[in-house]
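K.L.:
Just need the structure, nothing else, for what follows:
(one chain, ligands or ions: 1)
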Amino acid sequence: MFLSSLQSWLSKAPNYTIFRVNKLANFDCNILQKFLEVQSKELNSSAIPKISFVKPDCIVIEQWPEGTAVERSSSEVIVDTMCGAAVLRGSHIYAPGVLGLPTNCKLDEKVDIYADLDGQCKRGLKLKYDGSKLYVGTGQLKMLRYELFDNEIQAYGVAIHMLLPASRLPVINETVCPKGQLLLQNFPSIVAGWVVDAKPYEHILDMCAAPGNKTTHLAEMSDNKALIMALDKTEQKVAKIKQTCETQGVTCVKAFVFDSRKCHSDEITDLKCPPFPSNTFDKVLLDAPCSGLGQRPQLKESKMSPKMLQSYKFVQRKLFGAAVRVLKVGGKLVYSTCTITVNENEGMVTWALENFPCIQLIPAEPFYGGPGLPDVGLSDDQRIMVQRFGPEEDSLRKVEDLSQNTIGFFIASFIKVSDHKINSGE
Ligand SMILES: C[S@@+](CC[C@H](N)C(=O)[O-])C[C@H]1O[C@@H](n2cnc3c(N)ncnc32)[C@H](O)[C@@H]1O
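P.N.:
Have a look, this model is predicted:
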């Protein structure tokens, strides 16, 4: 019921493009300005999208002004819904996302892009697609059919250079600046880093770290001086964390392939690698694996079964228990998800407070998101301490459009006030 009431909001793209600025690099905002000025000429727009800073490490770029448009084309290209969603957020189109392309299209020709909402379009379709489809933008063709649909070779690279998505967000990514200066990141993910508030020389554990976007944020805000342990459960994902650190010039992170549910053990006294003994870390970030239902835009309704939806809380609880144990008394635990369900968010807070008398909920400051939902187990005093990013209006805390028109996200912050062993009998 709650999910279906959010469906219209979830089906739309956020209204802003957000970059995190790497504090360790010398970023020059003029590069962004100039890039958009060039695009404004291509789009015949008299103004460029507004650029502003929320903090020195967070840039917000707004949509092209209302009325900005490109001439539509009669040639229709069909892409899958994942690709369509990326287009609406300002991405070019890469070869694997293209499903249908008319035979007579020429290189550099203008094409209209449609996302296949039914999932019925066959790869390589030549005819006009008559299934349910959504216009997502207009671009210029950069690859021909024989390059895209050759069965022998997997095509890669930009197939369509986007001019303007239907969302009117700028077509932009981190490659406009020298490597490592900027990172495209959702606004609430940046806020989660601010809530952790990493400081030099703190011992910090990032329990579910891949691809390392929050890890590198923590490292950068500590001036590359915190001691950060980043865990994720597969080798491939940990390789990605290491790569993100390298790109961002971060050297204070040690990344390990590890199941964080088991990251606590008092049989071990080595602080250099997991598992870690009780009371090791000043701060722990648990950016938990979740149902991911806060992603926007979602062009197809989620097909997750109620049973599947209920299943995430079990792994989240195990991870939370381990987080509490390795956190020092006086230390801070930040819990976040990129989903909207109550049981993974407010429900987790209620469960955590009931099961760990050694922790207390504290304000997840700085506040940008709204309060937690009412009538789902948290008192008003507790609701106001967490951040929920979504379309809800709540008089307990008003939020700006930037926080209402982003992805669905949740952040809660806890302090450990006593040793977990005292009440639990461990
Ligand atoms: C929400 S994503 C993390 C995103 C990351 N914090 C960032 O900002 O770049 C959740 C991650 O949890 C990892 N994960 C899931 N179960 C895990 C476990 N038991 N131990 C460690 N990592 C786990 C997944 O592989 C996934 O990379």
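K.L.:
Which stretches in the stretch 1-150 of the chain count as strands?
P.N.:
17-21, 51-55, 58-61, 76-79, 93-94, 98-100, 110-116, 133-141 (DSSP state E, counting those that start in this stretch).
K.L.:
If you could redo that for the stretch 151-300 of the chain, that was the one I meant.
P.N.:
Along the stretch 151-300 of the chain, the stretches classed as strands by DSSP E, counting those that start in this stretch are 158-165, 182-184, 203-206, 227-232, 253-257, 281-287.
K.L.:
OK, contacts around E392?
P.N.:
Contact analysis of E392 by CB atoms under 8 Å, 6 or more residues apart in numbering lists 370, 373. For glycine as for every other residue, the C-beta is placed from the backbone atoms N, C-alpha and C.
K.L.:
Quick check: the residue positioned nearest the centre of the chain vs V98, distance?
P.N.:
Nearest residue to the geometric centre of the chain (CA atoms, centre = their mean): N186, 4.7 Å. According to CB to CB, to the nearest Å, N186 and V98 sit 26 Å apart.
K.L.:
and the angle for the longest helix that the chain contains with strand 281-287?
P.N.:
Scanning the chain for the longest helix, with DSSP state H as the assignment, gives helix 306-326. If you take axes from the mean of the first three to the mean of the last three CA atoms, to 10 degrees, helix 306-326 sits at 170 degrees to strand 281-287.
K.L.:
elements contacting helix 306-326?
P.N.:
strand 281-287, strand 327-337, helix 346-355 (3 or more CB pairs under 8 Å, 6 or more residues apart in numbering; DSSP states H and E).
K.L.:
for S413, helix, strand, or coil?
P.N.:
The three-state label given to S413 by DSSP: H, G, I helix; E, B strand; the rest coil is strand.
K.L.:
And the pLDDT for it?
P.N.:
Per-residue confidence at S413 stands at 99 (pLDDT).
K.L.:
Report how many residues lie close to it.
P.N.:
Neighbour count of S413, defined by other CB atoms under 10 Å: 23.
K.L.:
Let me see the contact set for it.
P.N.:
Contacts of S413 (CB under 8 Å, 6+ apart): 195, 332-335, 361-365, 385-386.
K.L.:
Please repeat the previous calculation with a cut-off of 10 Å.
P.N.:
When contacts are counted by CB atoms under 10 Å, 6 or more residues apart in numbering, S413 is found next to 192, 195-197, 283, 332-336, 360-365, 385-387.
K.L.:
With G369 instead?
P.N.:
G369 neighbours (CB under 10 Å, 6+ apart): 187-188, 191-192, 386-390, 392, 397, 399, 403-404, 406, 408-411.
K.L.:
how about a cut-off of 7 Å?
P.N.:
Listed by CB atoms under 7 Å, 6 or more residues apart in numbering, the contact partners of G369 are 188, 191, 387-389, 399, 403, 409, 411.
K.L.:
is it true that L182 touches I18?
P.N.:
No. Applying CB atoms under 7 Å, one finds L182 not in contact with I18, separated by 10.2 Å.
K.L.:
More neighbours: the two, which one.
P.N.:
Higher neighbour count among L182 and I18: L182, with 23 against 20, using other CB under 10 Å.
K.L.:
one step back: can you tell me which of the helices and strands packed on helix 306-326 is packed in deepest?
P.N.:
Highest mean neighbour count of these: strand 281-287, a mean of 25 (counted as mean count of other CB atoms under 10 Å).
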